[in-house]
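1. pasting a predicted model and its sequence here:
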Amino acid sequence: MSFRSVSFSAVAAGILLFASHAAAQGIVMDKSAEAREPDAAKKPTPRTADGHPDLSGVWHHFFMQGEYKALKPGESATFEFSVAGPGAKDLNTRFTQPVYKPELVAKVKDLDDHQNQTDPTLRCTAPGIPRLGPPNQIVQTSGQVVFLYTDLAGEFFRIIPTNNPAHRSDLEESYNGDAVGRWDGDTLVVDTNNFVDETWMGDNGLFHSEKMRVIERLTRKGDTIKYEVTVEDPVVLAKPWVMDPRTLVLQHDILEQAPPCVDKDASHLTDLSHHGNNR
């Protein structure tokens, strides 16, 4: 389950209680799946009958290890994340941020400063794409792939045809948009448009317009998938946002059901300590 900003149900509240205890103890979070399975990429890459890499499976992508900072009186529990392995960088410097047009920077800051009131996910709104992150499970057939997500904001799915690369023209805008897929060699390219402008691209006020376009690239090698995302939005961004690539590692378990999202705690949030949890 991903750590991210959501409307806090009892489950999320329990996470914070654990965080508070762990902060005092200096507990180190679990290392990445990639670090635990260093030979995952060296395994044979399975293929479907049509010759494409088989992306089916449950994929682990909580790839950071974190350490809770010791608390001082009055401080809130916080994570201090870094990428596992040699040459690890601080989370805030590793994650490339989108570059907004100069006249919109102040709006981003205002949304960031007032996230308790402005973040849609705190009112049980779907996170949307790309904020939802990589799929937790992929089901692949000859003509489509299905992305499944389990998140503290709920359970979500995307059905992506791979036999017709044209976007549909008769659909209403939606949180997850209209996705079409095509194969570029061994890489699945997912092109998504037709979004509503009610979601954010990520925490910290990263809003977008209805003209946003999200391009995801998934390349399987052994029991890993390299997941890459580029976000285009000519209305608000000064240039396309190329997000940092992520490594997903195949898991041999069943996707967990998400807890219900209950909008009952957002009004009690008094600071931004629950934010900044990049996926």
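-> Happy to help now that I have it. Numbering: from 1, shown residues only.

2. can you map out the helices along this structure?
-> Along the chain, the stretches classed as helices by DSSP state H are 10-25, 33-36, 91-94, 105-113, 115-118.

3. mean pLDDT for these: which is lowest?
-> Note on these: helix 10-25 shows the lowest mean pLDDT, a mean of 32.

4. what number of residues lie near E37?
-> Each residue near E37 was counted by other CB atoms under 10 Å, and the total is 18. In this view, the C-beta of every residue, glycine as well, is placed from N, C-alpha and C.

5. and the strands in the stretch 51-200 of the chain, which stretches?
-> 57-60, 64-68, 79-83, 137-140, 144-151, 154-161, 178-184, 187-193 (DSSP state E, counting those that start in this stretch).

6. quick one: buried residues of stretch 158-178?
-> Residues of stretch 158-178 classed as buried: R158, I160, T162, Y175, N176, G177, D178 (neighbour count, 16 or more other CB atoms under 10 Å).

7. tell me which of the residues you listed is nearest to E232?
-> Ranked by distance to E232 (CB to CB), the buried residues of stretch 158-178 are led by G177 at 12.4 Å.

8. pretty sure the closest one contacts N194?
-> Yes: with contacts defined as CB atoms under 8 Å, G177 counts as touching N194 at a distance of 4.9 Å.

9. so can I have TSV of the buried residues of stretch 158-178 showing pLDDT?
-> Putting these into TSV (pLDDT from 0 to 100) gives the following:
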residue	pLDDT
R158	97
I160	97
T162	95
Y175	95
N176	96
G177	96
D178	96
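
10. name the nearest of those residues relative to P240.
-> G177 (16.3 Å).

11. distance of the closest one relative to P130?
-> Separation of G177 from P130 (CB to CB, to the nearest Å) stands at 10 Å.

12. T48 too?
-> Counting by CB to CB, the gap from T48 to P130 is 26 Å.

13. do the same with D197
-> Distance, D197 to P130, using CB to CB: 14 Å.

14. repeat that for T219.
-> Per CB to CB, T219 is found 17 Å from P130.

15. likewise V214?
-> 5 Å.

16. which neighbours do the two share?
-> V229, V231 (CB atoms under 8 Å, 6 or more residues apart in numbering).
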